[in-house]
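> sequence and computational prediction follow.
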Amino acid sequence: MQLFLPDSMRLNAYNWEVYKIAILALCHTNHLHEHLERQAPAGGPCVHEDALRKWGEDDELCKVLIVLNIQPELLARACKIREAYHSRDRSAAYLWELMNGCEGYFAGHMCKRCCREVC
């Protein structure tokens, strides 16, 4: 499994749309796309324990794909994104929703706008 996107596709201050499409493709290719949309597996409380464990492992992997593909200088300013990544209580879907909510603020002022409002 490939974890890293090419440098030109890793999120920086100017390429949100390219990054977004690349992450969607990477998650789809690795059968993780449902983790971007749902916080828990389908089936509710009747889901088997092994399926829940697999979901949790895959959800953590999806979070890794999202965060490892953010340029370090941008990630350093993204406090709420780092917190969501490190939290076992936050899903990949939550992290992806957070990322999408900051969409307009990656261009050089994420900390000024996104972190002040979202963090």
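Thanks, I have it. Predicted, not measured: the structure shown is a model, and the values here were computed from it. Numbers count the residues shown, from 1 in each chain.
> next, the contact list for the residue lying farthest from the centre of the chain, please.
In the chain, the residue that sits farthest from the middle, by CA atoms, centre = their mean, is C46; the gap is 26.9 Å. By CB atoms under 8 Å, 6 or more residues apart in numbering, the contact list for C46 is empty. Heads up, the C-betas are built off the backbone N, CA and C, glycines and all.
> which strands and helices lie in contact with the single longest helix found in the chain?
Longest helix of the chain, by residue count under DSSP state H: helix 49-68. Where contact means 3 or more CB pairs under 8 Å, 6 or more residues apart in numbering; DSSP states H and E, helix 49-68 is packed against helix 16-29, helix 79-86, helix 92-101.
> what score does the residue farthest from the centre of the chain have for pLDDT?
Listed pLDDT for C46 reads 73.
> same deal with C114?
Confidence at C114, expressed as pLDDT, is 50.
> try K63
pLDDT, K63: 97.
> show me the contacts for it.
Counted by CB under 8 Å, 6+ apart, K63 has contacts A84, Y85, S91, A92, L95.
> quick one: the fourth one from S8, how far?
Spelled out, it's A92. 23 Å (CB to CB, to the nearest Å).
> the helices and strands packed on helix 49-68: which one's closest to K54?
helix 92-101 (13.8 Å; CB to CB).
> circling back: redo the helices and strands packed on helix 49-68 as TSV? Include distance to E57.
Supplementary listing: those in TSV, determined by distance: least, CB to CB, whole Å:
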stretch	distance to E57
helix 16-29	15
helix 79-86	15
helix 92-101	11
